[in-house]
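**Q** Model the following, please.
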Amino acid sequence: MPGAARLPDGSPRALLPVPGALPVLDVPAVRRWALLTRSVFAARRVEIDALNVFPVPDGDTGTNLFLTFDGAVERMLTHDPHGAGDLLAAFAKALLWTARGNSGVILSQLARGLAEACADAEVVDGPLLARGLVRAEERGRQAVTDPQEGTILSVATAMATAAVEAAGADGPPETRLYAVSLAALEAARVALDHTPEQLEVLARAGVVDAGGAGLVILLECLERICSGQRGRPSSDDPSGRRGRFRTEHVGPLTAGRPDDTVHDHAGDDSPAYEVMYLLADSDEEAVAALRGRLVELGDSVLVVGGDGEWNIHAHVDDAGAAVEAGIVAGRPHRVRITRLDRDVVPLGHGAESALRAHEASRHTGSAIVACAAGDGLAALFGEAGAAVVPSGPGRRASTGALIAAIRAQHATGAAGVVVLPNDGDTLLAAAAAARAVADDGIDAQVVHARTAVQGLAALAVFEPGAPPSANVLAMQSASSATRHGAVTVANRAALTSAGPCEPGDVLGVVDGDIVVVGSDEVEVGREVVRRLLASGGELVTVVLGSGARDGLGQALAAEATSQHRGVEVSQIDGGQPVYSVLVGVE
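**A** Residues are numbered from 1 along each chain as shown. Alright, predicted model coming up:
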């Protein structure tokens, strides 16, 4: 009988022999794990989508995970691997290419860590699997310097801890693989159940974290494969736990919406500059010190990479100090500095030098790639010369689609490409695409436009003949200066910062937060406009969605012009789903 694995509370759990359990994961077993996971994601994606706590039908974590896995599996099936480690590596690369939404990109980082630990292995036994799960958790946390507990990262930490303990337990070696998979699964389930205690926004919605639920499904499929079960699942959950993702734990009302592990620190005291560069000729210790220094300088710090090269991202006030910290850690190159605010102090000397050296090596001229959720928006961006990538709720742009569009635009002869994600759930995919094409020598830079109206504001100042760095400076400034709102309809009951809502209620959103719950689309829209203009504005952009009622745009335009003299209103038939109207104020 296998040795005792331990549950997260420390108590031993005796494992009974499992007839047919695998002693190792070989190539066929890894393939079965991937196929099984894809099948279960397909069966349960609607359930995971429903865990997104915003009471608006744009939550698509489950759909993103399925589409990410589905595309990667198709690529994997054409790969002729030399062993299980080689197949895992190929699959991790495919996952990054097919990743959709923030959840898909984070999953690709977890897969990358597992593949790194299992590199060159013909088969994966229990101890190696445990090391792989530990490396996966490390990769997830390294990708985001300011992680929030109560997300997929909390579930991954519990998974890794339990796996290591199970791998070191007494028992025959041939039983360790299953012991590790079961311990990781049980610990992940417990951690997932505790996510509402860590994030109040989950508690008040009565759900667990959607990304963490996806990781639990992945581990459920792993445990099933390690137990020796080979069959593809039916529409039922493999563990018989369908519907387990809701919780009765309900906490106090607070505003906010989790966005996987990436957090927006926008505000009056937000840092002035976005600094990005590649770092070569460094090591893990130096990079760890660099990460700590960047955290001291600002926020939104991302450090992703390995094998001698890292991708660095931070929001700071002293851009020169951020570049100089990279010089201490190694050799920074492809330095990009973007001003995030109009009213800022001048760049530091080190940043100015880096910018001048960077600009001197490039030709002028920029191309643009833009994501669009509706036909009208796509036509508008296309008329401005952008390569348009369809992206919206349920069909977020993949990193592969963005990479292809960037490469196509670069092939036109532009010195660089500016990317407009126009959606908060596509930011990580856009950033991943920019990192990927950097390996081909393509300069791609992302404007952090979280909504279509911010993207339109950025588009208005785009100059095709200007260098990419100059365009990004102007476009990011225009995007950041645009307050945004929306009107939509709730698809589930929830507590919001404006009070409770029921399915069918009309919701008014301002800067990502629900501020109005009502029953009339026009009245809610008018209140959104009033709130957006409360602090002033010169230009109001109204983007009508596919479900907008007749007269909605005119009513909002009248509200803006009647209350604020001199305000100019622009109406656009955007055709986007979910949101009947989007409003931007510049």
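**Q** hang on, L495 in a helix?
**A** No. With DSSP: H, G, I helix; E, B strand; the rest coil as the criterion, L495 is located in strand rather than a helix.
**Q** how much space between it and V56?
**A** L495 sits at a distance of 14 Å from V56 (criterion: CB to CB, to the nearest Å). For glycine as for every other residue, the C-beta is placed from the backbone atoms N, C-alpha and C.
**Q** And E174, by the same measure?
**A** Distance from E174 to V56, counting by CB to CB: 50 Å.
**Q** shaky segments in this structure?
**A** Within the chain, the segments meeting pLDDT under 70 span 1-17, 143-146, 230-270, 300, 302, 304-309, 338-364.
**Q** okay, which residue is most central for it?
**A** For the chain, the residue nearest the mean C-alpha position is N102 (1.5 Å; CA atoms, centre = their mean).
**Q** Could you name the specific helix or strand carrying that one?
**A** Taking DSSP states H and E as the criterion, N102 maps to helix 101-117.
**Q** which strands and helices sit next to that helix?
**A** Here helix 101-117 touches helix 61-76, helix 84-98, helix 126-143, helix 152-167, helix 210-226, helix 427-438, going by 3 or more CB pairs under 8 Å, 6 or more residues apart in numbering; DSSP states H and E.
**Q** Same list (these) but as TSV, adding distance to L402.
**A** What follows is the helices and strands packed on helix 101-117, written out as TSV (distance: least, CB to CB, whole Å):
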stretch	distance to L402
helix 61-76	13
helix 84-98	10
helix 126-143	18
helix 152-167	22
helix 210-226	21
helix 427-438	4
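**Q** Could you export these as JSON lines, including distance to V461 and mean neighbour count?
**A** Below are the helices and strands packed on helix 101-117 laid out as JSON lines (distance: least, CB to CB, whole Å; neighbours: other CB atoms under 10 Å):
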{"stretch": "helix 61-76", "distance to V461": "31", "mean neighbour count": "24"}
{"stretch": "helix 84-98", "distance to V461": "31", "mean neighbour count": "23"}
{"stretch": "helix 126-143", "distance to V461": "31", "mean neighbour count": "23"}
{"stretch": "helix 152-167", "distance to V461": "36", "mean neighbour count": "25"}
{"stretch": "helix 210-226", "distance to V461": "35", "mean neighbour count": "26"}
{"stretch": "helix 427-438", "distance to V461": "19", "mean neighbour count": "25"}
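**Q** ok so, going back, who has more neighbours, E174 and V56?
**A** Applying other CB atoms under 10 Å to E174 and V56 shows that V56 carries more neighbours, namely 22 against 14.
**Q** what about that one, which helix or strand?
**A** V56 belongs to no helix or strand when elements are defined using DSSP H and E.
**Q** Let me know whether it touches A494 as I believe.
**A** No. Using CB atoms under 8 Å, V56 makes no contact with A494, being 9.4 Å away.
**Q** Walk me through the domains of this protein.
**A** Using automatic domain parsing, the domain parsing of the chain gives 5-226, 267-361, 363-481, 483-585.
**Q** To what extent is R331 buried, counted in neighbours?
**A** Other residues near R331 come to 13 when the count uses other CB under 10 Å.
**Q** quick one: it from D283, how far?
**A** R331 sits at a distance of 12 Å from D283 (criterion: CB to CB).
**Q** Phi, psi for the residue nearest to C371 when sequence neighbours are not counted please.
**A** Of all residues not flanking C371 in the chain, S391 sits nearest, at 3.8 Å (CB to CB, 6 or more residues apart in numbering). Backbone geometry at S391, expressed as degrees, to the nearest 10, gives phi -160, psi 120.
**Q** any idea how far F66 is from S391?
**A** For S391 relative to F66 (CB to CB), the value is 16 Å.
**Q** Could you do L35 as well?
**A** According to CB to CB, L35 and F66 sit 13 Å apart.
**Q** And for D58?
**A** For D58 relative to F66 (CB to CB), the value is 16 Å.
**Q** How about V46?
**A** In this view, V46 and F66 are 10 Å apart by CB to CB.
**Q** Over to Q554?
**A** To F66, Q554 is 40 Å away according to CB to CB.
**Q** mind listing what the residue lying closest to L539 once chain neighbours are set aside touches?
**A** Nearest residue to L539, sequence neighbours excluded (CB to CB, 6+ apart): E586, at 4.5 Å. Counting by CB atoms under 8 Å, 6 or more residues apart in numbering, E586 makes contact with 457, 478, 481-482, 537-539, 541.
**Q** now do C501
**A** C501 sits next to 55, 490, 493-495, 507, 514, 517 when contact means CB under 8 Å, 6+ apart.
**Q** where's R176, which helix or strand?
**A** Assigned by DSSP H and E, R176 belongs to helix 176-193.
**Q** how far out from the middle of the chain is that helix?
**A** Relative to its parent chain, helix 176-193 has a centroid offset of 25 Å by CA atoms, centre = their mean, to the nearest Å.
**Q** Hmm, L533 and V585 touching each other?
**A** Yes. Contact criterion CB under 8 Å: V585 and L533 qualify, at 6.1 Å.
**Q** any common contacting residues for the two?
**A** Shared contacts of V585 and L533, defined by CB under 8 Å, 6+ apart, are found at V540.
**Q** okay but R224 is in contact with L36, surely?
**A** Yes. R224 sits in contact with L36 when judged by CB under 8 Å, with a separation of 6.5 Å.
**Q** quick one: G575 and A372, what's the gap?
**A** Here the criterion is CB to CB. By it, G575 lies 9 Å from A372.
**Q** Same drill for the two, tell me which one is more crowded.
**A** Neighbours were counted for G575 and for A372 using other CB under 10 Å; A372 has more, 27 against 19.
**Q** residues near the residue nearest to C371, how many?
**A** S391 has 25 neighbouring residues, counting by other CB under 10 Å.
**Q** For it, give me its contacts.
**A** Residues near S391 by CB under 8 Å, 6+ apart: 371-373, 397, 421-423, 426.
**Q** Just give the nearest non-adjacent residue to A474, would you?
**A** A474's closest residue in space is V461 (CB to CB, 6+ apart), at 4.5 Å.
**Q** ugh, typo on my part, it should be V53
**A** Spatially, and ignoring its direct neighbours in sequence, V53 is nearest to A205 (4.0 Å; CB to CB, 6+ apart).
**Q** Which other helices and strands does the longest helix along the chain contact?
**A** The longest helix of the chain (DSSP state H) is helix 27-49. In this structure, helix 27-49 packs against helix 61-76, helix 84-98, helix 210-226, with contacts taken as 3+ CB pairs under 8 Å, 6+ apart.
**Q** Now stretch 404-424 - C-alpha only, PDB.
**A** Once non-C-alpha atoms are left out, stretch 404-424 reads as follows in PDB (Å, rounded to 0.1, in the frame of the first residue of the first chain):
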ATOM      1  CA  ALA A 404       0.100  37.000 -36.900                       C
ATOM      2  CA  ALA A 405      -1.400  40.400 -37.200                       C
ATOM      3  CA  ILE A 406       1.800  42.100 -35.800                       C
ATOM      4  CA  ARG A 407       4.000  40.200 -38.200                       C
ATOM      5  CA  ALA A 408       1.700  41.100 -41.200                       C
ATOM      6  CA  GLN A 409       1.800  44.800 -40.200                       C
ATOM      7  CA  HIS A 410       5.600  44.700 -39.800                       C
ATOM      8  CA  ALA A 411       6.000  43.200 -43.200                       C
ATOM      9  CA  THR A 412       4.500  46.300 -44.700                       C
ATOM     10  CA  GLY A 413       7.800  48.100 -43.900                       C
ATOM     11  CA  ALA A 414       6.900  49.800 -40.700                       C
ATOM     12  CA  ALA A 415       9.600  50.300 -38.100                       C
ATOM     13  CA  GLY A 416       7.300  49.000 -35.400                       C
ATOM     14  CA  VAL A 417       3.800  48.000 -34.500                       C
ATOM     15  CA  VAL A 418       1.400  49.500 -31.900                       C
ATOM     16  CA  VAL A 419      -1.100  47.100 -30.400                       C
ATOM     17  CA  LEU A 420      -4.500  48.300 -29.100                       C
ATOM     18  CA  PRO A 421      -6.100  45.400 -27.000                       C
ATOM     19  CA  ASN A 422      -9.200  47.600 -26.200                       C
ATOM     20  CA  ASP A 423     -10.200  45.100 -23.400                       C
ATOM     21  CA  GLY A 424      -8.800  44.400 -20.000                       C
END
